[in-house]
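Q: Let me see the structure of the following:
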Amino acid sequence: MNSAGKPLNKLLISVTKKYLSVFSQQTKGLDIDRYQYVLVVIDDQLQPPTQKALAEHFEVDKSFMVTMINYLSEKGYVYREQNESDKRQQLIKLTEKGKEAVPVIRAVVEDLNRKSLEHLTIKQIETFMEVLNRIDSNLLGINPFNIIINYKK
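A: Purely as a prediction, here's the structure:
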């Protein structure tokens, strides 16, 4: 329990549900209802990432990453290309549609983060981020089950 008497998991789940719900609402102009942020991560890479690298980044198993990439590919946002230097690897690249979606997603994230942290001082935000990073570090060695948060409407 936290100092206010609510279990930490209840607070984290509540915030996550609200954040993802608003995120999904504000990106509804795109014809994808999930995995939008994968496009931003792909765009941020200097070289096209592999499916394996993306799975590691998002801390999901490879089969779930295949599902994510399949969904984004079917919707026309990404495509797979065989890595010429290692034929076993699939590089994930953005299509033109994917490239056009990235600025929209970035703007929604920026706006939502600003609204989420509104009325907090710089020091409170820094402390909040430090605490979240510490919680994440504290849970690293536990080997949790792979939990999928499905935020489709």
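
Q: What residues sit buried inside the helix or strand of the chain with the lowest mean pLDDT?
A: None of the helices or strands of the chain scores lower by mean pLDDT, DSSP states H and E than helix 8-26, at a mean of 89. Using 16 or more other C-beta atoms under 10 Å as the test for burial, helix 8-26 gives Leu20, Phe23, Ser24, Gln26. C-beta: built from backbone N, CA, C; applies to glycine.

Q: which residues in this structure form helices?
A: With DSSP state H, the ranges of helices along the chain come out as 8-26, 36-44, 51-58, 62-74, 96-116, 122-139.

Q: any chance of those helices in JSON lines, plus distance to Glu84?
A: Listed next are the helices of the chain as JSON lines, based on distance: least, C-beta to C-beta, whole Å:
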{"stretch": "helix 8-26", "distance to Glu84": "36"}
{"stretch": "helix 36-44", "distance to Glu84": "18"}
{"stretch": "helix 51-58", "distance to Glu84": "16"}
{"stretch": "helix 62-74", "distance to Glu84": "19"}
{"stretch": "helix 96-116", "distance to Glu84": "21"}
{"stretch": "helix 122-139", "distance to Glu84": "36"}
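
Q: Tell me which of those sits nearest to Arg88.
A: Closest of these to Arg88 is helix 51-58, at 9.7 Å (criterion: C-beta to C-beta).

Q: now the least confident helix or strand of the chain, how far from the chain's geometric center?
A: 13 Å (C-alpha atoms, centre = their mean, to the nearest Å).

Q: Also stretch 106-124?
A: Relative to the chain's own centre, stretch 106-124 is displaced by 17 Å; criterion: C-alpha atoms, centre = their mean.

Q: And the contacts of that stretch?
A: Defining contact as C-beta atoms under 8 Å, 6 or more residues apart in numbering, one finds that stretch 106-124 is touched by Tyr19, Val22, Phe23, Gln26, Thr27, Tyr37, Val40, Ile125, Phe128.

Q: which residue is nearest the middle of this protein?
A: Tyr37 (4.7 Å; C-alpha atoms, centre = their mean).

Q: what separates that residue from Lys115, distance-wise?
A: Distance from Tyr37 to Lys115, counting by C-beta to C-beta, to the nearest Å: 17 Å.

Q: With that, I have no additional questions.
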